[in-house]
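1. with the sequence up front, the predicted model follows.
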Number of protein chains: 2
Amino acid sequence: MQIALHDRVDSPEPQFDAASTPSRTLPDAEVTIADVARAAGVSPTTVSHALSGNRPVSAATIARVRRAADELGYRPNPMARGLRTRRTQTAALVIPDITNPFYPMLARGLQDVLSPAGYHVFVCNTDQDADLERDLVLDLIQRRVDGIVLNPFGAIGPAEVNAAIARGIWMVSIGPEIDHDNVDLVEADERAGARDVAQHLASLGHTRVAHIGGTARAGREREQGFRDGLAEAGLELDDTLVVAADWTSDGGVAAMERLLDAPAGAPTAVFAANDMMAIGALNAVTARGLRVPEDLSIVGFDDIDAAAHLSPPLTTVLNPAYAKGEEAGRLVLSRLAGRQERRRCITPCSLVERQSTTHRR
Amino acid sequence: MQIALHDRVDSPEPQFDAASTPSRTLPDAEVTIADVARAAGVSPTTVSHALSGNRPVSAATIARVRRAADELGYRPNPMARGLRTRRTQTAALVIPDITNPFYPMLARGLQDVLSPAGYHVFVCNTDQDADLERDLVLDLIQRRVDGIVLNPFGAIGPAEVNAAIARGIWMVSIGPEIDHDNVDLVEADERAGARDVAQHLASLGHTRVAHIGGTARAGREREQGFRDGLAEAGLELDDTLVVAADWTSDGGVAAMERLLDAPAGAPTAVFAANDMMAIGALNAVTARGLRVPEDLSIVGFDDIDAAAHLSPPLTTVLNPAYAKGEEAGRLVLSRLAGRQERRRCITPCSLVERQSTTHRR
DNA sequence: TTGAAAGCGCTAACAA
DNA sequence: TTGTTAGCGCTTTCAA
């Protein structure tokens, strides 16, 4: 392979030698379907069909076309093709922030499904900014990506979805935030996971518990599940101990500091709506010279890789990012393959007990 | 404590067209430049120029065109435009694996520079597979992305670069692996960082030190710097204590296990070529009931966010991922703006001492 | 089984 | 200052 790589001379005006170029290289000059047609002695139409299989072509012609295309190093220009077919063989992943480790895992699952199918994926960050999210989605629609997988923060409504659908662009929502006949859903049973957290904390004897919640709709399930679980244990969530943060560790720090300074006294256990905020909370607590879990128990949500390696290892809820990404990819592909009916896929969430929680002292 | 807390470029508002403000909604039906021309009572050419500013248009006409475009919700079709202009307003980031936290940070830096300039970015994983890397790059060239930022693992040579350059596609290499007049470089002074590691370990009294190295060319600088530093301290790296791994935590586990079983006895300190492998090494060591740093000191490289939160917090070398991504983005943009001369940007690396290293017992 | 011709929506060369 | 015309490279009628 190295040989194939370096056997060409760099020249200012690179000359392309058809016969010596394997199909896996790219010629330095442009090769169009017309060039292939000429070389194979057929029309461009036939080249197109011979290569795509879109209509019957004689075996002999196919062979000739294939050889010519191979020798010339022909690759169809995706822009020209896209202009005709209105498909780009691309998809987009729209998420709050790729530096939150939950999302790279999800991205990887998505890519591992879409990549073999010939789709490249744009990754776009919204930073939970609804305006940005909306602009992004509109831009992606305009760019005619074939699918949009998004973790919505409330900016996408029927208007945006319809604009997408009208152009044959399929959307998958990570989470239940978008309710639309044409939008598939990939969810985790977050409510159940959060309920487990509540029961776990209750079973450890905690009664004064707090919640660091997400902003907007996105954290509703987790908060509701937490409330449900507490209720089942005969506890109630004190509203003064519910503080919103922005899903980042900085947000977690700020929220935790408010909780530590709560007029009625600090809680003995805190459930953060994601691991990043839990990490922030952890830092805020230790920065005050308090210990986790001895002085305060902390629970996160997501089970990012780092959670197991924190000090102390974080009790959290497993939210299967990779599997969700894969599932989202499959949903996009099956829509593109013609599926009509909406699909909703729910993955389970399970509590992962580690050392950041303990009995109330 | 900061996690994912880095300065971000402000206003990631995507720009669609330099001179026009697109309406914030998207009509359900297709709107073309001809529709706008009709509505404004001018030719499509004039619409194009009124919106792009590519040639003088009277103020009155511009106003009329803008209004018509706004009212109709016109947005240029990027495929049609790209077919003519041979530009796609896209870039690609080709990396080993987005789930290694070093890369999301780099991706974010890149996106925060490219996004405001109107570029979307594809993220592609190679898993250090040279064939895949090459296929990916060729595909991206064929897709006519405007720029490719890659963390090369040896598959890209002059042939690929020339194919890109011939199409006006600019490449930036993260690391020194590609040496080509038209490829800009973003590097860290890894050799210096690794030298500091060696000196740090030597100063702690370690003499029997090991190295978990990367495969292929990518880890050479780190290994060489480590050797240099040891030499300066009058030490030598025992080749039986140098083991290659694949840059993942699993790779680190496997490598560490081999080192613990070394015939001549386990080392007292290990330098892993990245933090992921260091985390694996940490796990392998503790799984054997040994303690870090009491029984064995471990050093990583990169300083991913999690490094500070490990137990024990990891001594490592700061490798400024976000800044590198930003710089790569700037290099792409300035090339697209016409820069001719090659640029090479070297960021410093500095040792971050934490608790995973201590005096030899 | 194949080809000619039209056209996707845009921009750029050439005219006026 | 503006318009006409000609493609960019492909796929898809329509016709043979």
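-> Received it, and whenever you're ready, just let me know what you need. Keep in mind that this is a model prediction, so the values were computed, not measured.

2. quick one: residue A:352 from residue B:223, how far?
-> Using CB to CB, to the nearest Å, we find residue A:352 at a distance of 37 Å from residue B:223. Using the backbone N, CA and C atoms, a C-beta is placed for each residue, glycine as well.

3. ok, those two, which is more surrounded?
-> Applying other CB atoms under 10 Å in any protein chain shown to residue A:352 and residue B:223 shows that residue B:223 carries more neighbours, namely 21 against 18.

4. that one contacts residue B:197, correct?
-> No. With contact taken as CB atoms under 8 Å, residue B:223 and residue B:197 are classed as non-touching, separated by 10.9 Å.

5. and stretch A:226-237, end to end?
-> Distance between the boundary residues of stretch A:226-237 (CA to CA, to the nearest Å) amounts to 8 Å.

6. give the rounded mean pLDDT of that stretch.
-> Taken as a whole, stretch A:226-237 has an average pLDDT of 96.

7. list the buried residues in that stretch.
-> Of the residues in stretch A:226-237, those buried under the neighbour-count criterion (16 or more other CB atoms under 10 Å in any protein chain shown) are A:226-230, A:233, A:235, A:237.

8. which among those residues gets closest to residue B:121?
-> Within the buried residues of stretch A:226-237, proximity to residue B:121 (CB to CB) peaks at residue A:226, which comes in at 36.7 Å.

9. nearest residue to the closest one other than its sequence neighbours?
-> Residue nearest to residue A:226 in three dimensions, not counting chain neighbours: residue A:194, with 4.4 Å by CB to CB, 6 or more residues apart in numbering or on different chains.

10. alpha carbons of the helix or strand hosting that neighbour, as PDB, please.
-> Taking DSSP states H and E as the criterion, the element that holds residue A:194 is helix A:190-203. Taking only C-alpha atoms (Å, rounded to 0.1, in the frame of the first residue of the first chain), the coordinates of helix A:190-203 have been written out as PDB:
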ATOM      1  CA  GLU A 190     -35.600   7.700  32.600                       C
ATOM      2  CA  ARG A 191     -38.500   7.900  34.900                       C
ATOM      3  CA  ALA A 192     -37.900   4.400  36.100                       C
ATOM      4  CA  GLY A 193     -34.200   5.000  36.500                       C
ATOM      5  CA  ALA A 194     -34.900   8.200  38.600                       C
ATOM      6  CA  ARG A 195     -37.500   6.300  40.600                       C
ATOM      7  CA  ASP A 196     -34.800   3.700  41.500                       C
ATOM      8  CA  VAL A 197     -32.500   6.500  42.600                       C
ATOM      9  CA  ALA A 198     -35.200   7.800  45.000                       C
ATOM     10  CA  GLN A 199     -35.800   4.400  46.400                       C
ATOM     11  CA  HIS A 200     -32.100   3.800  46.800                       C
ATOM     12  CA  LEU A 201     -31.600   7.000  48.700                       C
ATOM     13  CA  ALA A 202     -34.700   6.400  50.800                       C
ATOM     14  CA  SER A 203     -33.500   2.900  51.700                       C
END
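
11. adjacent strands (with direction) for the next helix-or-strand element following it?
-> Per DSSP H and E, the first helix or strand lying C-terminal to helix A:190-203 is strand A:209-214. Neighbouring strands of strand A:209-214 in its sheet, by DSSP bridges, are strand A:242-245 (parallel), strand A:269-272 (parallel).

12. now distance to DNA strand D and mean pLDDT too, for these, in a markdown table please.
-> As requested, the strands paired with strand A:209-214 are arranged in a markdown table below (distance: least, CB to the nearest atom of the strand, whole Å; pLDDT from 0 to 100):
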| stretch | distance to DNA strand D | mean pLDDT |
| --- | --- | --- |
| strand A:242-245 | 49 | 95 |
| strand A:269-272 | 50 | 98 |
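
13. quick one: closest of those to DNA strand C.
-> When these are ranked by proximity to DNA strand C, the top entry is strand A:242-245, at 41.9 Å, counting by CB to the nearest atom of the strand.

14. give me the contacts around the closest one.
-> Strand A:242-245 is contacted by residues A:210-215, A:223, A:251-252, A:254-255, A:258-259, A:272-273, A:277, A:280 when judged by CB atoms under 8 Å, 6 or more residues apart in numbering or on different chains.

15. could I get the full set of helices for the stretch 201-350 of chain A?
-> A:220-232, A:249-260, A:275-287, A:321-336 (DSSP state H, counting those that start in this stretch).

16. of the strands paired with strand A:209-214, which stretch is the most buried?
-> Greatest average neighbour count among these goes to strand A:269-272 (a mean of 32), per mean count of other CB atoms under 10 Å in any protein chain shown.

17. circling back to that earlier point, who touches the residue nearest to residue A:226 in this structure?
-> Residue A:194 makes contact with A:221-226, A:228-229, A:271, A:301, A:317, A:349 under the criterion CB under 8 Å, 6+ apart.

18. against residue A:322, how distant is it?
-> Counting by CB to CB, the gap from residue A:194 to residue A:322 is 21 Å.

19. quick one: least confident helix or strand in chain A?
-> helix A:2-6 (a mean of 27; mean pLDDT, DSSP states H and E).

20. which of the contacts of strand A:242-245 are buried?
-> Buried among the contacts of strand A:242-245 (16+ other CB under 10 Å): A:210-214, A:223, A:251-252, A:254-255, A:258-259, A:272-273, A:277, A:280.
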